[in-house]
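>>> Show me how the following folds:
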Amino acid sequence: QEQILTNFLDFRKLGSQRQTAENLEKVFQQIYEDDGLKLDNLVGIYTDGAASMVENRSGVVTRLKQQYPGLQSFRCCAHH
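Numbers count the residues shown, from 1 in each chain. Predicted coordinates:
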């Protein structure tokens, strides 16, 4: 039987890096790589409403959806 799993994966300090969509996407991909996970298996992402995460043209979610068109995205209701 298939299950949907929801897990907290990781925290990473960005250090002196700016919180741009490009830098956040790189960190996100590095977390997956470090944990031996395949982004091809990612079906959904849940984020806050920060522009760097959800901006329509260049946010992290948009950048990931360009690579993984079936990806579903959701915004945290506590961060609206």
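>>> Please tell me how far the spatially closest residue to Q19 that is not a sequence neighbour sits from F28.
With sequence-adjacent residues excluded and distances taken as Cβ to Cβ, 6 or more residues apart in numbering, Q19 is closest to S52, at 5.4 Å. For the C-beta atoms, the positions are set from N, CA and C on the backbone; glycine is no exception. According to Cβ to Cβ, to the nearest Å, S52 and F28 sit 11 Å apart.
>>> any shared contact partners between those two?
Residues touching both S52 and F28 (Cβ atoms under 8 Å, 6 or more residues apart in numbering) are V60.
>>> buried sites along the helix or strand that contains the residue nearest to Q19?
Following DSSP states H and E, one finds S52 within helix 51-54. Across helix 51-54, burial judged by 16 or more other Cβ atoms under 10 Å covers S52, M53, V54.
>>> Which positions in the longest helix belonging to the chain come out as buried?
Longest helix of the chain, by residue count under DSSP state H: helix 21-34. By neighbour count on 16+ other Cβ under 10 Å, the buried set for helix 21-34 is A21, L24, E25, V27, F28.
>>> Could you dump those into a markdown table and include pLDDT and distance to D48?
Shown next, in a markdown table, are the buried residues of helix 21-34 (pLDDT from 0 to 100; distance: Cβ to Cβ, whole Å):
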| residue | pLDDT | distance to D48 |
| --- | --- | --- |
| A21 | 90 | 13 |
| L24 | 91 | 11 |
| E25 | 91 | 15 |
| V27 | 91 | 15 |
| F28 | 90 | 14 |
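>>> Export the residues you listed as a markdown table, with columns for distance to A78.
Conversion of the buried residues of helix 21-34 to a markdown table gives the following (distance: Cβ to Cβ, whole Å):
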| residue | distance to A78 |
| --- | --- |
| A21 | 22 |
| L24 | 19 |
| E25 | 23 |
| V27 | 22 |
| F28 | 21 |
